[in-house]
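Engineer: need the 3D shape of this:
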Amino acid sequence: MDKEKKENVVKMEDDRYYSGAFWVIADSIKDIFKGKFEIVGEKILVDYVGNKIEQAQKRDEPHKKLWKNDEFSKWNRDFEYNYFPRGRLCIYDGELYL
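Structural biologist: Here you go, the predicted structure:
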């Protein structure tokens with residue numbers, strides 16, 4: 001007798017992803033290439049298509065406004081929002097855009 005195999009399959013549509021604005025914090029471009037950097041930013045939980053999962057989360061704000069938040073006070077006291085390299089990750093219809 002063959003026993004039925006149960007497969008634990010996770011569909012991409014079931015996973016959770018993050019989108020949002022980010023900065024690459026480093027002392028120099030050379031440090032970034034050496035892997036001596038920190039990525040900080042806003043994490044917005046989204047599904048495979050890009051829909052926000054929790055409506056209570058903060059909005060996807062522009063870098064300039066987001067940089068003023070207390071969570072970035074370690075850097076925003078001494079540096080403007082556009083000092084460090086920055087970007088944004090977006091998920092749309094299963095595609096990642098940077």
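Engineer: do a quick rundown of the strands in this protein.
Structural biologist: Under the criterion DSSP state E, the chain contains strands at 17-25, 38-41, 44-46, 86-92, 95-97.
Engineer: just name the shakiest helix or strand of the protein by mean pLDDT.
Structural biologist: In the chain, the helix or strand scored least confidently by mean pLDDT, DSSP states H and E is strand 44-46, which has a mean of 89.
Engineer: by contact count, what packs against that strand?
Structural biologist: For strand 44-46, the elements it packs on are strand 17-25, judged by 3 or more Cβ pairs under 8 Å, 6 or more residues apart in numbering; DSSP states H and E. All C-beta spots, glycine's among them, are computed from the backbone N, C-alpha and C.
Engineer: relative to the strand it packs on, what are the paired strands and their orientations?
Structural biologist: strand 38-41 (antiparallel), strand 44-46 (antiparallel), strand 86-92 (antiparallel) (DSSP bridges).
Engineer: list of residues touching that strand?
Structural biologist: Strand 17-25 has contacts (Cβ atoms under 8 Å, 6 or more residues apart in numbering) with 32, 37-48, 50, 60-63, 66-67, 72, 75, 84-91.
Engineer: buried residues, it. List them.
Structural biologist: Using 16 or more other Cβ atoms under 10 Å as the test for burial, strand 17-25 gives 17, 19-25.
Engineer: try stretch 33-51
Structural biologist: Buried residues in stretch 33-51, defined by neighbour count with 16+ other Cβ under 10 Å: 37, 40-42, 44, 46-48, 50.
Engineer: and these as JSON lines, adding distance to residue 98?
Structural biologist: As requested, the buried residues of stretch 33-51 are exported to JSON lines (distance: Cβ to Cβ, whole Å):
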{"residue": "37", "distance to residue 98": "16"}
{"residue": "40", "distance to residue 98": "16"}
{"residue": "41", "distance to residue 98": "12"}
{"residue": "42", "distance to residue 98": "15"}
{"residue": "44", "distance to residue 98": "15"}
{"residue": "46", "distance to residue 98": "15"}
{"residue": "47", "distance to residue 98": "19"}
{"residue": "48", "distance to residue 98": "17"}
{"residue": "50", "distance to residue 98": "14"}
